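In: Below are the sequence and a predicted model for it; my questions follow.
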Amino acid sequence: MKKSRYFAELMESYSAEIDDLVSDSEGKSVLQKRLAIKRQELPAILPMIEFSPEMVAVAFYDAFTVKSPQHLHALVLSEPWQAGFLSWNKLAKHLTIAAWALPLIELTLASEGGEEFLVSTAGLEYLRTHDSADAPPPVEESDEESDDEDDGDLREQGAEWMAEQGFDSLDN
């Protein structure tokens, strides 16, 4: 399935995060247990939507059933700054939301960037359930140095957030 660059890149990270949660070191399936933990930890991990949204998005695994695939398909072809990127209020009308997810959605909407994050998460879940056999297209890299800078920025943001939570810096 064709998707925007935004969703192609995010889907790659999201799929990897799900793969990390599927089994333990002995190969036993622990996905549901780990998802339950993520959902309980949502208030603590919500600030990560800014720099690692895929790590938070998994808390909404199986939260949405699509009532209107054409709207979700149009969404995954768009970028957050484009008109086709629906608001959460408009998108939610095209979804059935699991009852267990409603308090998590309320909490997320109260957070800065929460609405865009939920729209992205619904798009990821749509891709996961409707596009599982189709791997995301490779993303062309125009400048390897800019990737290194982006990785450094993400590391710095992550380190700052961890410091705000009271954790010591790895540099110390």
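Out: Done, it's in.
In: rest of the way, CA atoms for contacts and neighbours
Out: Noted.
In: So which residues of this structure form strands?
Out: Counting by DSSP state E, the chain has strands at residues 64-66, 95-97.
In: Can you say which of these is packed in most?
Out: Burial of those is given as mean neighbour count (mean count of other Cα atoms under 10 Å); strand 64-66 ranks first at a mean of 19.
In: Could you point out which of the strands of the chain sits nearest G27?
Out: Closest to G27 of those is strand 64-66 (Cα to Cα; 27.7 Å).
In: by contact count, what packs against that closest one?
Out: The elements that strand 64-66 packs onto, with contact taken as 3 or more Cα pairs under 8 Å, 6 or more residues apart in numbering; DSSP states H and E, are strand 95-97, helix 114-130.
In: rerun that using 6 Å as the cut-off
Out: For strand 64-66, the elements it packs on are strand 95-97, judged by 3 or more Cα pairs under 6 Å, 6 or more residues apart in numbering; DSSP states H and E.
In: Look up how far K38 lies from V58.
Out: To K38, V58 is 8 Å away according to Cα to Cα, to the nearest Å.
In: which ones are touching H94?
Out: H94 makes contacts with K67, S68, as judged by Cα atoms under 6 Å, 6 or more residues apart in numbering.
In: Quick check, pLDDT for it.
Out: Model confidence at H94, given as pLDDT, is 95.
In: Alright, calling it a day.
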